[in-house]
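Trainee: here's a sequence, model it:
(one chain, ligands or ions: 1)
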Amino acid sequence: MLHLTFRQLSVFEAVARHLSYSRAALEMHLTQPAVSMQIKQLEENVGMPLFEQLGKKVYLTEAGRELSHYSRVIAQQLSEAETVMNDLKGLQRGRLKISVASTANYFAPQLLANFSQRFPTVTVSLDVTNRQALLAQLANNEMDMAIMGQPPEGLDLVAESFMENPLVVIAPVNHPLATAAKKIPLARLQSETFLVREQGSGTRIAMERFFDQHGIKFHTGMEMSSNEAIKQAVQAGLGLGILSLHTIELELETKRLKVLDVKGFPIMRHWYVVHRKDKRLSTVAQAFKTFLLNEAKQILGH
Ligand code: PGA
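Mentor: Numbers count the residues shown, from 1 in each chain. Predicted structure coming up:
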């Protein structure tokens, strides 16, 4: 078996590449005698000369040529290993600061749980707020990335969609429209009262835009700043609501709310992972983004 050190091999690789002891010495920040010494020891270990010198020129012997092939491959592999180790170091010590739209909070914890299982040493902090506040946070560079509905154009943001977000009309289970009515015409909603999210909510914006586009005047009841409050109010019979399907899974399962079959619904929005264009993503942030884009849908079963 060959007895050689990585040090000898990397010095050899440099001399073989430059075909010059002095240039190899320069590149490796060594003196020329130190380079000669390493090569001499390597030749002793291998049991054959690896270079020959004719005049001022250095040539590889046949053994040198063979070894240089392997030393190049090994050097490449080592540098790849170094990159991977550094990345992992970054991941292990990493922190991830993300903010999510209040509606995304219904699935974000599940995703974070899966991500943390894979990278247990990463510290994650999660802020939950509405769309408008998220845009302000992005503008002030206060977090690594956000999960939200599509951000407005022209803000120098990168936004990539990773999952659909259907908005549906919800009603209490005993509502007249909830029992067996199919393909309810949009116009029929004009005689209903709607509980709406606060100004600045993405859900609210999407709902208003949708009714506007279809020329529907809808009647607004109370305004509420959380999806939970809307669900409770709809159950209590205060009106209908339009919410993301992702917020009502439990209520549908336990039959506390009903999704109405209204023509034109669901309003199909998407979830985006968003960060500033000029943001240099940390290794952790990059890993989280890749995780979202590749796996979120599958993990959540949407
Ligand atoms: P929200 O939802 O701001 O209504 O919580 C986010 C979005 O759909 O953009």
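
Trainee: how close does whichever residue of the stretch 101-250 of the chain sits closest to the ligand sit to residue 270?
Mentor: Residue of the stretch 101-250 of the chain nearest the ligand, by CB to the nearest ligand atom: residue 202 (1.9 Å). Quick note: C-beta positions are derived from backbone N, CA and C, even for glycine. According to CB to CB, to the nearest Å, residue 202 and residue 270 sit 11 Å apart.

Trainee: then residue 133?
Mentor: For residue 133 relative to residue 270 (CB to CB), the value is 20 Å.

Trainee: comparing these two, which residue is more hemmed in?
Mentor: residue 133 (17 against 14; other CB atoms under 10 Å).

Trainee: residue contacts, that one?
Mentor: residue 200 (CB atoms under 8 Å, 6 or more residues apart in numbering).

Trainee: which SS state does it fall under?
Mentor: helix (DSSP: H, G, I helix; E, B strand; the rest coil).

Trainee: and residue 86, how many neighbours?
Mentor: 11.

Trainee: can I assume it sits in a helix?
Mentor: Yes - counting by three-state DSSP, residue 86 is located in a helix.

Trainee: all helices for the stretch 201-302 of the chain, in order.
Mentor: 202-213, 227-235, 249-253, 283-300 (DSSP state H, counting those that start in this stretch).

Trainee: JSON lines for those, including mean pLDDT, distance to residue 75 and mean neighbour count?
Mentor: Supplementary listing: the helices of the stretch 201-302 of the chain in JSON lines, determined by pLDDT from 0 to 100; distance: least, CB to CB, whole Å; neighbours: other CB atoms under 10 Å:
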{"stretch": "helix 202-213", "mean pLDDT": "95", "distance to residue 75": "51", "mean neighbour count": "18"}
{"stretch": "helix 227-235", "mean pLDDT": "97", "distance to residue 75": "56", "mean neighbour count": "19"}
{"stretch": "helix 249-253", "mean pLDDT": "94", "distance to residue 75": "53", "mean neighbour count": "13"}
{"stretch": "helix 283-300", "mean pLDDT": "93", "distance to residue 75": "24", "mean neighbour count": "17"}
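
Trainee: which parts of the protein sit against the ligand?
Mentor: 101, 102, 103, 130, 131, 148, 149, 197, 201, 202, 203, 269 (CB under 6 Å from any ligand atom).

Trainee: about what we covered before: kindly reformat the helices of the stretch 201-302 of the chain as CSV containing distance to residue 144.
Mentor: As requested, the helices of the stretch 201-302 of the chain are exported to CSV (distance: least, CB to CB, whole Å):
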stretch, distance to residue 144
helix 202-213, 20
helix 227-235, 24
helix 249-253, 27
helix 283-300, 4
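
Trainee: can you tell which of these is closest to residue 165?
Mentor: Residue 165 lies closest, by CB to CB, to one member of the helices of the stretch 201-302 of the chain: helix 202-213, at 8.9 Å.

Trainee: other SSEs contacting the closest one?
Mentor: Under the contact definition 3 or more CB pairs under 8 Å, 6 or more residues apart in numbering; DSSP states H and E, helix 202-213 sits against strand 157-172, strand 193-197, strand 240-244, strand 267-276.

Trainee: pick the most deeply packed of the ones you listed.
Mentor: Neighbour counts (mean count of other CB atoms under 10 Å) averaged over each of these peak at strand 240-244, with a mean of 26.

Trainee: quick check: which helices or strands does that strand pack against?
Mentor: Short answer (3+ CB pairs under 8 Å, 6+ apart): strand 240-244 packs on strand 157-172, strand 193-197, helix 202-213, helix 227-235.

Trainee: mind doing that once more with 6 Å?
Mentor: strand 157-172, helix 227-235 (3 or more CB pairs under 6 Å, 6 or more residues apart in numbering; DSSP states H and E).

Trainee: which one of the helices and strands packed on helix 202-213 lies closest to residue 29?
Mentor: strand 267-276 (38.7 Å).

Trainee: right, I'll leave it there.
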